[in-house]
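J.: give me coordinates for this.
(chains A and B)
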Number of protein chains: 2
Amino acid sequence: MRATQLYAPTLRETPAEAEVISHQLMLRAGMIRKAAGGVYSYLPLAWRVLRKIEDIVREEMDAKGGQELLMPIIQPAELWQETGRWDVYGDEMFRLQDRHNRNFCLGPTHEEMITALVRFDVRSYRQLPLMLYQIQNKYRDEIRPRFGLMRGREFIMKDLYSFDRDEQGLDVSYRKMYDAYTNVFSRCGLTFRAVEADSGAIGGSGSHEFMVIAESGEAAIAYCSVCDYAANVEKAELKPIQQMHETQMSLIEKETPGTKTIEEVSAFLGITADKTIKTIAYQTEKGLVLALVRGDHAVNEIKLQNKLGCLQLELASEDAINTALDCVPGYIGPVGASNVTVVADETVMLMSNAVCGANSRGKHYLHVNPGRDFKPAIITDIRLIQENDPCPHCGQAVKTARGIEAGQVFKLFTKYSKALQATYLDENGKEKPLVMGCYGIGVSRTMAAAIEQNNDEHGIIWPAAIAPYHAVVVPINVKDNVQLELSEAVYSRLQSAGIESVLDDRNERPGVKFKDADLIGYPLKITVGPKTINEQLLEVKVRKTGETTFLSLADDYITAIKNMLAAL
Amino acid sequence: MRATQLYAPTLRETPAEAEVISHQLMLRAGMIRKAAGGVYSYLPLAWRVLRKIEDIVREEMDAKGGQELLMPIIQPAELWQETGRWDVYGDEMFRLQDRHNRNFCLGPTHEEMITALVRFDVRSYRQLPLMLYQIQNKYRDEIRPRFGLMRGREFIMKDLYSFDRDEQGLDVSYRKMYDAYTNVFSRCGLTFRAVEADSGAIGGSGSHEFMVIAESGEAAIAYCSVCDYAANVEKAELKPIQQMHETQMSLIEKETPGTKTIEEVSAFLGITADKTIKTIAYQTEKGLVLALVRGDHAVNEIKLQNKLGCLQLELASEDAINTALDCVPGYIGPVGASNVTVVADETVMLMSNAVCGANSRGKHYLHVNPGRDFKPAIITDIRLIQENDPCPHCGQAVKTARGIEAGQVFKLFTKYSKALQATYLDENGKEKPLVMGCYGIGVSRTMAAAIEQNNDEHGIIWPAAIAPYHAVVVPINVKDNVQLELSEAVYSRLQSAGIESVLDDRNERPGVKFKDADLIGYPLKITVGPKTINEQLLEVKVRKTGETTFLSLADDYITAIKNMLAAL
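T.: Presented below is the predicted three-dimensional model:
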């Protein structure tokens, strides 16, 4: 492709609307344009990247026995009413009526549609297992679409659905998809982690999220560098931490003026934070809740909310605390707090002679012994995993990172097959519900995530496997015929060798072309200039490392370039 | 692919809902399933065909300099309001609101969107010409979706838009696309005609439709087998037919009882139909119109309506004819018809001493001489082209056929660029509107059209280039290990050679497998049975011709099979 013909209108300025780096760089590199909030056109460079990601996805799905099909985007309401999700989905679902006033939605997902399809045609266990997938636009009417392609209202997804006879079959399909996803993100050249995403038992395998590691990621994850444990910190289950055994001493109320934080009270008393109990008051629709964790720990509000089974959970106001406990925040605690629900983290229950607020301004209790001095209504794991916490699997110190959820695998079991009566006959002629799984990859989000992970101040740094082109050939001066002809020759040889290239034949200053090359992020930049003519040397610069290599035109430079790409 | 794993649920019965053969066969072959009226899921076999058509389209678009992108399906109303089409489109446009009550539509086409995209980024003549295209779902809320994929509400289109500096540039782009479309349909293995679709001057090139020839086609076309003329009969322009010169005789009114049709009056008078004038009365919002054509010709109501510039045109009722002409149908004519609009075909004006109704029951005039005996308000071409009419280009006899419109190329000129203010600066810094063309291919409709053109009583007969698979290998008896192993070996060699194959490893009777093979329409059926074991012969049957060839396992049968495919 010649740059004079390529439709990649780069921008010098960063558009003000773009909050995250992938959004900024895709706008600047002429890859996307906004059509409406959360709705974008993908210009040719972006479309090439998307097609490469799609092809990798396709190959890996097919390799596991997946079969591609294409279901409608507009879906009749009746199907969603059968599962009850028509009402549940709320404003996030785009809805419309046809000219006969029949209700439709724009598919946010396709569980209903695929289950209805399969219930019509699958009769027998002999047709199982079955894995069907598609790659297409999905729709979600986000309240506040933002971050460019990271949270759009129209976005490209691959969704695969597995159908098995039983849970053993589902385990096999799930594992296949887990492996396929690992291959997909590896082949895309991304650093990622598959994290446990369900809130079930430790080691539960009901759902995994595939997180592309990036500082800008919305999700925090914890992972072990020794074993393969990794989890969304929101979901990470933790075992209680055993404490040193101590003889219980008598409860003492002590004046601790001006010590409203754990740090302050620890310093005042000359103890470490892990000797204190942190008490946080939450307002829920079920009333005020006191959540207790060890002083050096944090409350995982997602876990807390799940375990309380409440719909609302927010920090209690000072007024609410005053009303319930007759105390100001900073000095509250579980001892004697009879008219609120106390939820204690399991680790708290293993503490001895601890410090906690005394529900009286400027006072704390010393020698608090949980179980003896207060009895929580609920004792469970409500702790947020932290860097260096023991790995729930192997006990080694975990690390934390931020990630972008680019894929998720999920066991549905019989949720949809029962609702939609999708059954099969087993070997004994007995009717059974299909056992399902669903597996999604955000294709357009993966492109954005790749940029979030791979960029610098000059622009995008594409992994070679998903780069729109592998190389750009830049003649320093297109008005110099010798340079231009040489560039054409190099470009032509690259193309023939299957190295996808752009020839930057624009009559622009070299600086402009180099800036665009770095912005667009071609893995290799091949410069043809005076040095090429005088010394027969091509300058090849690797975008990722910044390394420059000179290749002799007399040598087999094509093979050398291929090897450089293969090493990226 | 193994048939035991392939998701192609064939049906024995033809579903009652399916009116046309492509719809019936795609349902029966397990290629599509209905989700709602005019909305379908494409199952794996159909999806493979669609992908092959898409790939051919893509290659041909790219070869002409087209660049692929992807625009949104949901489009903001504001864009359509700028061109005024938000109101014009009516009920055919699917409309919806987002959660903030902003109006959107589901794109029925993308002129507005692409023009808005380009106006943002194209500034200079140096960025032109530009050809951008996409392949995606389009939406049209048809009153009565029918004929399966032939007239759906959600369907797959390729739409390319060209942007040029001037009309000369547009001519070049238009010609490129015309050629590309010719290549696409040729490569798909279809018999087709590019027909003139505009109602402008003869030879006008403002629009062509690409018609896939099929008896079931909705459109009638006329084409010349000598020159390259072809046109939609609705649009075909005709030159007047010169008549033999005769001396004009005096007008005579004659009793012609019981002769209400051209056939009856010709027989009664012992003349040929081309000596009579056919008079048809139409009701329009502008009043009653008498349309005159030669007795052996037919009125082209589309042309008539266009030339009258009326919105309504329907056959006049007997009452209306009585009121206006004081006569019953069958005896009406232009002579003395003063209070109606008379429109005469040009050929009528060249007739001498003709016969026409006398506006009196049971009577006709003889020796009618147009111009002398009546003066039409409008004289123009309103004739419907017929088989054996002289070709408007070369004069040879034309043929007629029925076709399915699978593609259209169209010059838009500056309609959208002016409405949306999409301009560029020319060499002199002068601002000018972009000159546009648009070019569509119905991808899903092409698949259906291919079936309409290529089928028999047993099922589909795929052209090899777009067949879901090239060959099916059918072991007669999968319980016979020798047969099964031999089939596996053949299948494996076919796959390695790039011949996309299905191994029908199902434990079914051979008749069932053969029926499915014919229904699905694999170009080649390779049978492995006793003859293969005993005589080392593979039976290869060509779906299209029914020919059976025996290939020796000892020979290079793979090359032979490749050659058979190449010949299809």
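J.: what's the closest non-adjacent residue to the residue of the stretch 101-250 of chain A found nearest chain B?
T.: Proximity of the stretch 101-250 of chain A to chain B (C-beta to the nearest C-beta) peaks at residue A:121, 3.7 Å away. From N, CA and C alone the C-beta is placed, and that goes for glycine too. Nearest residue to residue A:121 in three dimensions, chain neighbours excluded: residue B:9, at 3.7 Å (C-beta to C-beta, 6 or more residues apart in numbering or on different chains).
J.: list the contacts for the one you found?
T.: Listed by C-beta atoms under 8 Å, 6 or more residues apart in numbering or on different chains, the contact partners of residue B:9 are A:121, A:122, A:127, B:30, B:43.
J.: and it, that's in a strand?
T.: No: checked against DSSP: H, G, I helix; E, B strand; the rest coil, residue B:9 lies outside a strand; its state is coil.
J.: and residue A:424, how many neighbours?
T.: By other C-beta atoms under 10 Å in any protein chain shown, the residues close to residue A:424 number 24.
J.: can you check residue A:167 too?
T.: So residue A:167, with other C-beta under 10 Å, has 13 neighbours.
J.: what comes up buried for the strand or helix carrying residue A:78?
T.: If you go by DSSP states H and E, residue A:78 is part of helix A:77-83. For helix A:77-83, a neighbour-count test (16 or more other C-beta atoms under 10 Å in any protein chain shown) marks A:77, A:79, A:80, A:82, A:83 as buried.
J.: measure the closest residue to the last one other than its chain neighbours to residue A:402 for me?
T.: To tie it back to what came earlier, the one meant is residue A:83. Closest residue to residue A:83 apart from its sequence neighbours, by C-beta to C-beta, 6+ apart: residue A:419 at 4.3 Å. Residue A:419 sits 36 Å away from residue A:402, taking C-beta to C-beta, to the nearest Å as the criterion.
J.: contacts only, for the most centrally placed residue in chain A.
T.: In chain A, the residue lying closest to the centroid (C-alpha atoms, centre = their mean) is residue A:405, at 1.2 Å. For residue A:405, the contact set (C-beta under 8 Å, 6+ apart) comprises A:209, A:210, A:211, A:218, A:219, A:442, A:445.
J.: how many other residues sit next to the last one?
T.: When you say that, I think you mean residue A:445. 25.
J.: repeat for the third one
T.: Using other C-beta under 10 Å, the number of residues around residue A:211 comes to 32.
J.: what helix or strand is it on?
T.: strand A:207-213.
J.: okay, now the domains of chain A?
T.: Domain assignment for chain A by automatic domain parsing gives A:21-237+A:400-450, A:252-380, A:469-567.
J.: want to throw these into JSON lines with mean pLDDT?
T.: Supplementary listing: these in JSON lines, determined by pLDDT from 0 to 100:
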{"stretch": "domain A:21-237+A:400-450", "mean pLDDT": "94"}
{"stretch": "domain A:252-380", "mean pLDDT": "95"}
{"stretch": "domain A:469-567", "mean pLDDT": "96"}
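J.: quick one: these as a markdown table, columns for distance to residue B:64 too.
T.: Shown next, in a markdown table, are those (distance: least, C-beta to C-beta, whole Å):
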| stretch | distance to residue B:64 |
| --- | --- |
| domain A:21-237+A:400-450 | 15 |
| domain A:252-380 | 54 |
| domain A:469-567 | 18 |
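J.: please identify the most buried of these.
T.: Scoring the domains of chain A by mean neighbour count under mean count of other C-beta atoms under 10 Å in any protein chain shown gives domain A:21-237+A:400-450 as the most buried, with a mean of 20.
J.: endpoint to endpoint, that domain covers what distance?
T.: The straight-line separation of the ends of domain A:21-237+A:400-450 (C-alpha to C-alpha, to the nearest Å) is 11 Å.
J.: same question for stretch A:255-275.
T.: 17 Å.
J.: for chain A, which strand is longest?
T.: Determined from DSSP state E, the single longest strand within chain A is strand A:398-413.
J.: give me the helices and strands touching the following helix or strand past the strand holding residue A:211, please.
T.: Sequence order places strand A:219-224 as the next helix or strand after strand A:207-213, per DSSP H and E. Here strand A:219-224 touches strand A:192-196, strand A:207-213, strand A:230-232, strand A:398-413, going by 3 or more C-beta pairs under 8 Å, 6 or more residues apart in numbering or on different chains; DSSP states H and E.
J.: among those, which is nearest residue A:172?
T.: Among the helices and strands packed on strand A:219-224, strand A:398-413 comes nearest to residue A:172, with 11.8 Å by C-beta to C-beta.
J.: given that closest one, what are its sheet partners and their directions?
T.: Here strand A:398-413 is paired, per DSSP bridges, with strand A:207-213 (antiparallel), strand A:219-224 (antiparallel), strand A:435-442 (antiparallel).
J.: turn these into CSV, columns for distance to residue B:361.
T.: Listed next are these as CSV, based on distance: least, C-beta to C-beta, whole Å:
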stretch, distance to residue B:361
strand A:207-213, 85
strand A:219-224, 88
strand A:435-442, 76
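J.: and the residue of the stretch 351-500 of chain A found nearest chain B, its phi and psi?
T.: The stretch 351-500 of chain A approaches chain B most closely through residue A:444 (9.5 Å), counting by C-beta to the nearest C-beta. As for residue A:444, its main-chain torsions (degrees, to the nearest 10) stand at phi -70, psi -30.
J.: could you list which residues are in contact with it?
T.: Per C-beta under 8 Å, 6+ apart, neighbours of residue A:444: A:42, A:50, A:149, A:152, A:155, A:156.
J.: cool, and residue A:167?
T.: Applying C-beta under 8 Å, 6+ apart, the residues near residue A:167 are A:413, A:435.
J.: pull the contacting residues for the nearest residue to residue A:261 once chain neighbours are set aside.
T.: With C-beta to C-beta, 6+ apart as the criterion, residue A:261 has its nearest non-adjacent residue at 7.1 Å, and that residue is residue A:330. Residues near residue A:330 by C-beta under 8 Å, 6+ apart: A:259, A:260, A:261, A:357.
J.: could you look up the SS state of the nearest residue to the last one once chain neighbours are set aside?
T.: Beyond its immediate neighbours in the sequence, the residue positioned closest to residue A:357 (C-beta to C-beta, 6+ apart) is residue A:333, lying 3.6 Å away. On the three-state scheme (three-state DSSP), residue A:333 is labelled coil.
J.: you'd agree residue A:333 is up against residue A:358?
T.: Yes: contact criterion C-beta atoms under 8 Å: residue A:333 and residue A:358 qualify, at 6.1 Å.
J.: mutual contacts of those two, please.
T.: Both residue A:333 and residue A:358 are in contact with A:364, A:365, where contact means C-beta under 8 Å, 6+ apart.
J.: circling back: now, among the buried residues of helix A:77-83, which is nearest to chain B?
T.: Looking across these and measuring by C-beta to the nearest C-beta, the closest to chain B is residue A:79, at 8.2 Å.
J.: give me the element the closest residue to the closest one other than its chain neighbours is part of.
T.: Distances taken as C-beta to C-beta, 6+ apart put residue A:112 closest to residue A:79, at 4.3 Å, once the chain neighbours are dropped. Under the criterion of DSSP H and E, residue A:112 resides in helix A:111-121.
J.: now do that helix: distance to the chain's middle.
T.: Centroid separation between helix A:111-121 and its chain, computed with C-alpha atoms, centre = their mean, to the nearest Å, is 28 Å.
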